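> The sequence and its predicted three-dimensional model are supplied below.
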Amino acid sequence: MSLFGKKKEAEVKDELPPLRFPELPSQKQANMEISQNEQMAIKQAVAPAQTVAQTLPERTEALSIPIQDEEKPLFVKIDKYREVISTMNQIKSKLKDADEILAELNKIKQQEDNEIETWHSDLETIKGKLMAIDRALFEL
């Protein structure tokens with residue numbers, strides 16, 4: 001007997017046997033099968049649930065859930081408030097210093113631009129004079 005032998009092919013049947021469904025009892029037969037004693041037991045089991053529901057008082061008031069459309073006051077500890085105010089003052093001070101530094105940098109940049117412009121104009125005048133001297137020397 002070998003381990004890897006050919007398996008026997010199962011015969012495939014072309015036709016399946018017809019399905020047979022069990023017959024279900026009609027509604028009247030199902031109701032009749034429950035005896036009177038069983039019906040009374042079911043009624044007694046359900047009855048305590050009904051009495052509990054009947055003893056609870058009915059709520060006539062509707063529950064009102066407030067909608068938070070309006071702003072309510074926010075309570076913050078004094079220490080935290082003072083810390084925030086101090087931090088805000090420091091930020092304002094730093095912003096003022098930064099603004100002053102930027103204004104000073106702009107002033108320095110304007111001075112540099114003016115100096116560079118004067119250098120360009122001086123250089124152009126020197127070039128013009130040099131060209132005039134060069135022409136005068138070669139004309140001789």
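That came in fine, so what should we check first?
> Now name the helix or strand holding V76.
In the assignment (DSSP states H and E), V76 maps to no helix and no strand.
> quick one: contacts for it?
Counting by CB atoms under 8 Å, 6 or more residues apart in numbering, V76 touches V84. Placement of C-beta: from N, CA and C, glycine included.
> what's the spacing between it and R82?
V76 sits 10 Å away from R82, taking CB to CB, to the nearest Å as the criterion.
> For I101, grab the count of nearby residues.
Number of residues near I101 (other CB atoms under 10 Å) recorded here: 10.
> That one sits in which helix or strand?
Using DSSP H and E, I101 maps to helix 78-139.
> Output the contacting helices and strands for that helix.
Here helix 78-139 touches no other helix or strand, going by 3 or more CB pairs under 8 Å, 6 or more residues apart in numbering; DSSP states H and E.
> for that helix, what is the average pLDDT?
The average pLDDT within helix 78-139 is 94.
> swap in stretch 23-30?
pLDDT averaged over stretch 23-30 gives 63.
> Could you give the backbone dihedrals for K72?
For K72, the backbone dihedrals (degrees, to the nearest 10) come out as phi -110, psi 160.
> How much space separates it from D79?
Here K72 is placed at a distance of 22 Å from D79 (CB to CB).
> One more: H120?
Taking CB to CB, one finds H120 at 61 Å from D79.
> Please apply the same query to E115.
Shown here: E115 relative to D79, a distance of 54 Å by CB to CB.
> Same question for R135.
The spacing between R135 and D79, counted by CB to CB, is 84 Å.
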